[in-house]
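Q: Let's see this in three dimensions:
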Amino acid sequence: MDGRVIVAVGDYQTPSSAELTEVLEVTRQLKATPPYTLIMLYGNYVVLDHSIIDGVGHVVSIYAHLESLDPTVRIGELVEAGQPLGIIGNSGTQQAASGSTDDATHLHWELHVNNQYLGAGLPAQETREVYAALFAGGPEPDQHQPEELTDNSEQSP
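A: Numbering: from 1, shown residues only. Prediction:
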């Protein structure tokens, strides 16, 4: 999905392992992660505004834990679907704070609709319908899902 860059953080300063552990201990005590703590845990990240999509709502995506951002990614710039945003890394993670880069490289991806993460408060079927509207171009057809999948690859047509 095309989108406009509304946040681009590429100069994240990794806290020490002890500092990060202290912050995470507070989240454990709260049994929640406050938004300002989440921002710190994203590391280098990009936020795209995909605008209002008919049948879905206002869509925003977050790409976090990047090692670095692509130099073309700047606030206010339009990016096209498939355009590189950066290099996947582990910034903002406990592994990065410990100096490890080998076992924690991943992309943290969030999709928010109308200021809530996708699926917040929705039943599974409605969440699937939102995904279908976003990524398949329309609502998911009403289909009965078989209870057991079988491999029919050896049967003749």
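
Q: Buried by neighbour count: which residues of the lengthiest strand in the chain qualify?
A: Across the chain, the longest stretch assigned as strand under DSSP state E is strand 57-69. Going by neighbour count (16 or more other C-beta atoms under 10 Å), the buried part of strand 57-69 is Val59, Val60, Ser61, Ile62, Tyr63, Ala64, His65, Leu66, Glu67, Leu69. For glycine as for every other residue, the C-beta is placed from the backbone atoms N, C-alpha and C.

Q: Farthest-apart pair in those, please.
A: Taking C-beta to C-beta as the measure, the buried residues of strand 57-69 span a maximum distance of 25.6 Å, between Val59 and Glu67.

Q: returning to that earlier point: any chance of the buried residues of strand 57-69 in CSV, with pLDDT too?
A: What follows is the buried residues of strand 57-69, written out as CSV (pLDDT from 0 to 100):
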residue, pLDDT
Val59, 94
Val60, 96
Ser61, 96
Ile62, 96
Tyr63, 97
Ala64, 96
His65, 95
Leu66, 96
Glu67, 95
Leu69, 97
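
Q: Export the residues you listed as CSV, with columns for distance to Thr105.
A: Shown next, in CSV, are the buried residues of strand 57-69 (distance: C-beta to C-beta, whole Å):
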residue, distance to Thr105
Val59, 26
Val60, 24
Ser61, 20
Ile62, 17
Tyr63, 14
Ala64, 13
His65, 8
Leu66, 10
Glu67, 8
Leu69, 16
